[in-house]
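Enquirer: Predicted structure and sequence below. I'll ask about it afterward.
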Amino acid sequence: DGGITQSPKYLFRKEGQNVTLSCEQNLNHDAMYWYRQDPGQGLRLIYYSQIVNDFQKGDIAEGYSVSREKKESFPLTVTSAQKNPTAFYLCATRRELGNTEAFFGQGTRLTVV
Amino acid sequence: AQSVAQPEDQVNVAEGNPLTVKCTYSVSGNPYLFWYVQYPNRGLQFLLKYITGDNLVKGSYGFEAEFNKSQTSFHLKKPSALVSDSALYFCAVRDGSGGSYIPTFGRGTSLIVHP
């Protein structure tokens, strides 16, 4: 929402495939985050980046990879090592300075077929 | 370490009645607290936050939340619920004392407002 674009909205993956989820922002925010949402489990942090060319693992990074080559972009790759990738994936950004809230994209729903 | 608990998976309320969605937190430093709302198959939308100052915080769509330091709570409230308020609500906390810049989210509470 409001300057964060996630694509595609729906994505289907076959077993053993890698897929990449896109997250682009025009808010000029430094920090970007990837969350995974499963029913009844809330949001779990996968990876985050506070500056270009740097990122950190979150609570459930196994089976995922990211890059942050540009301030505007923070793509997430779901690899074949992620055994249960079916979920709703949310990208968020936050302006690092100040006591600011996070802004979220509209999400990508990934389904393994 | 920081954590958030939303003790109710679901809250049911009749339209026009007041609503409360509960949130308790744990942080080692100063709590920065947030409420977000999520409609089906959408991202989260920011409702309100507490950083410092007045314990009663007013936010979007008529929602407000009360910060209670002694009870470590930040309950979301609205005086008169609307059917359109039905959604999933998330509480989040961040340690504002120079700790983690990463917010921790609760598991969410589904609010159902009956006509």
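Expert: Everything's here; your move.

Enquirer: Only C-alpha atoms from now on, for both contacts and neighbour counts.
Expert: Noted.

Enquirer: Can you tell me the element B:V37 falls in?
Expert: strand B:31-38 (DSSP states H and E).

Enquirer: hey, C-alpha coordinates of stretch A:34-42 in CSV?
Expert: This file holds the C-alpha atoms of stretch A:34-42, laid out as CSV (Å, rounded to 0.1, in the frame of the first residue of the first chain):
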residue,chain,number,x,y,z
TRP,A,34,9.9,-9.8,4.5
TYR,A,35,7.3,-11.5,6.6
ARG,A,36,5.5,-14.8,6.2
GLN,A,37,1.9,-15.1,7.3
ASP,A,38,0.3,-18.4,8.1
PRO,A,39,-3.2,-18.8,9.6
GLY,A,40,-3.1,-18.4,13.4
GLN,A,41,0.6,-17.7,13.5
GLY,A,42,0.7,-14.0,12.8
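
Enquirer: got the contact list for that stretch?
Expert: For stretch A:34-42, contacts defined as C-alpha atoms under 8 Å, 6 or more residues apart in numbering or on different chains pick out A:43-48, A:76, A:87-92, B:9, B:90, B:105-108.

Enquirer: Please list only the buried members of those residues.
Expert: Buried by 16 or more other C-alpha atoms under 10 Å in any protein chain shown: A:43-48, A:76, A:88-92, B:90, B:105-108, out of the contacts of stretch A:34-42.

Enquirer: Leaving out the residues flanking it, which one is nearest to the residue in chain B that chain A sits nearest to?
Expert: Residue of chain B nearest chain A, by C-alpha to the nearest C-alpha: B:R107 (3.7 Å). Residue nearest to B:R107 in three dimensions, not counting chain neighbours: A:G42, with 3.7 Å by C-alpha to C-alpha, 6 or more residues apart in numbering or on different chains.

Enquirer: Just read off the phi/psi values of the one you found.
Expert: A:G42 adopts backbone torsions of phi 70, psi -150, taken as degrees, to the nearest 10.

Enquirer: before we move on, the earlier item: from the middle of its chain, how far away would the strand holding B:V37 be?
Expert: 5 Å (C-alpha atoms, centre = their mean, to the nearest Å).

Enquirer: cool, stretch A:30-40 as well?
Expert: Its chain's average C-alpha position is 6 Å from that of stretch A:30-40, according to C-alpha atoms, centre = their mean.

Enquirer: Close to chain A: what parts of chain B are there?
Expert: B:9, B:32, B:34, B:41-46, B:49, B:51, B:90, B:105-108 (C-alpha under 8 Å from any C-alpha of the partner chain).

Enquirer: Identify, from those, the entry nearest to B:E64.
Expert: When the residues of chain B next to chain A are compared for distance to B:E64 (C-alpha to C-alpha), B:K49 wins out at 9.4 Å.

Enquirer: Can you name the helix or strand that the nearest residue in space to B:N68 that is not next to it in sequence falls in?
Expert: Ranked by C-alpha to C-alpha, 6+ apart and with sequence neighbours excluded, the top spatial neighbour of B:N68 is B:F74, at 6.3 Å. In this assignment (DSSP H and E), B:F74 forms part of strand B:73-78.
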